[in-house]
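Asker: Give me the fold of what follows.
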Amino acid sequence: MGRSLGYHDSDELDRPELNKCPDCECFFASDECPLCGKICPEEMRAGNRAKVKPPKKRKNSSGRVQFIDWYHSWWFILLMMYVMPIVGIILFFTSPHSKKSKIIAASAVVGVYILGILLVIFGSGLLSNLFYESPVNDRISREEYVVLCEPMDVESFYRVSGDTGRYVSMELIVVERCVEQSIDVYEADVTYYRCRDLNGGELMVCVLDYNLGTPLRFLPGDMIRVYGESAGRESFVGNPADSTEYPCLYMAYCELIG
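Answerer: Numbers count the residues shown, from 1 in each chain. Below is the predicted model of the structure:
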């Protein structure tokens, strides 16, 4: 069925040049409503009626269903914020969402970014503790460790340097201190000392500092007693630089004796 003559949708603007029926809400030029025959009252006649204001633009939070483009949906904007940040920022500012919603979303995105950075910083340290295994035996006490160590001079250590994992104690004199950059991502740079036998001789041994006791930093000429585990032969870059192979000892405990 079509609309009745003079019928007017409420969404349209009023017709100020016509009379309006208060019951039928239709417009007409005569004194009587063509639908119900009622005489048009004075306040509803043309020129007497108050102007009809256009409807206000409703906000997204007004309760009505708002249809937006899929690329302006929150799920897509937030996804782009992490996958393609530049695209996400553009969609964020061009979206029709309310200012309050944008502030909440921006706060959430910044919070996740900060949380991610903190996880990377502290997570790397946690992984280091979880996966790093000390090269020396840290599951027994110092007293037990010292008892296991066999006293040996540098010459004797040379002869058994291929026997890795052997518990050894030696009295040495420090020749120089060096630092080797570690290739293990979970391990810090390794400090090592090139040492000679306390009783003289030209043979040298390389002592890698994995000290489980009180940290000590030795100087050239210091006389020390070390307890550790044999680690085969290895090349190090010293001062001056060279690539000589030395028998290595992983130092677990040490003492300054002179």
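Asker: And the helices in the chain, which stretches?
Answerer: 74-83, 85-94, 99-131, 142-148, 154-159 (DSSP state H).
Asker: Just give me the lowest mean pLDDT stretch among those helices.
Answerer: Looking at the helices of the chain, the lowest mean pLDDT belongs to helix 99-131 (a mean of 76).
Asker: got a pLDDT number for residue 176?
Answerer: Residue 176 carries a pLDDT value of 90.
Asker: Of the helices of the chain, which is nearest residue 21?
Answerer: helix 99-131 (43.5 Å; Cβ to Cβ). All C-beta spots, glycine's among them, are computed from the backbone N, C-alpha and C.
Asker: May I see the buried residues of stretch 29-37?
Answerer: In terms of neighbour count (16 or more other Cβ atoms under 10 Å), stretch 29-37 has its buried residues at 33, 35.
Asker: This structure: strands as residue ranges?
Answerer: Taking DSSP state E to define them, one finds strands in the chain at 19-20, 27-28, 150-151, 167-180, 190-197, 204-209, 223-235, 245-256.
Asker: any idea of the mean pLDDT in the last one?
Answerer: Here strand 245-256 scores 89 as its mean pLDDT.
Asker: do the first one as well
Answerer: The pLDDT scores in strand 19-20 average 82.
Asker: contact partners of that strand?
Answerer: Applying Cβ atoms under 8 Å, 6 or more residues apart in numbering, the contact partners of strand 19-20 are 8, 14, 26-31, 40, 44-46, 49.
Asker: how about TSV for the strands of the chain, with distance to residue 105 added?
Answerer: TSV is the format used below for these (distance: least, Cβ to Cβ, whole Å):
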stretch	distance to residue 105
strand 19-20	47
strand 27-28	47
strand 150-151	67
strand 167-180	48
strand 190-197	48
strand 204-209	51
strand 223-235	55
strand 245-256	54
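Asker: With distance to residue 119 and mean neighbour count as new columns, can the ones you listed be given to me in TSV?
Answerer: Shown next, in TSV, are these (distance: least, Cβ to Cβ, whole Å; neighbours: other Cβ atoms under 10 Å):
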stretch	distance to residue 119	mean neighbour count
strand 19-20	68	24
strand 27-28	68	20
strand 150-151	46	12
strand 167-180	30	18
strand 190-197	28	21
strand 204-209	31	22
strand 223-235	35	19
strand 245-256	33	21
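Asker: do you know which of those lies nearest residue 69?
Answerer: Closest approach to residue 69 among the strands of the chain is made by strand 27-28 (38.5 Å; Cβ to Cβ).
Asker: Can you spell out which helices and strands pack onto that closest one?
Answerer: strand 19-20 (3 or more Cβ pairs under 8 Å, 6 or more residues apart in numbering; DSSP states H and E).
Asker: in its sheet, what does the strand it packs on sit against?
Answerer: Note on strand 19-20: by DSSP bridges, its sheet partners are strand 27-28 (antiparallel).
Asker: rewinding a little: for residue 201, which of the helices of the chain is the nearest?
Answerer: Nearest to residue 201, of all the helices of the chain, is helix 154-159, at 6.3 Å by Cβ to Cβ.
Asker: Now the closest one: buried residues?
Answerer: Within helix 154-159, the residues that count as buried by 16+ other Cβ under 10 Å are 154, 157, 158.
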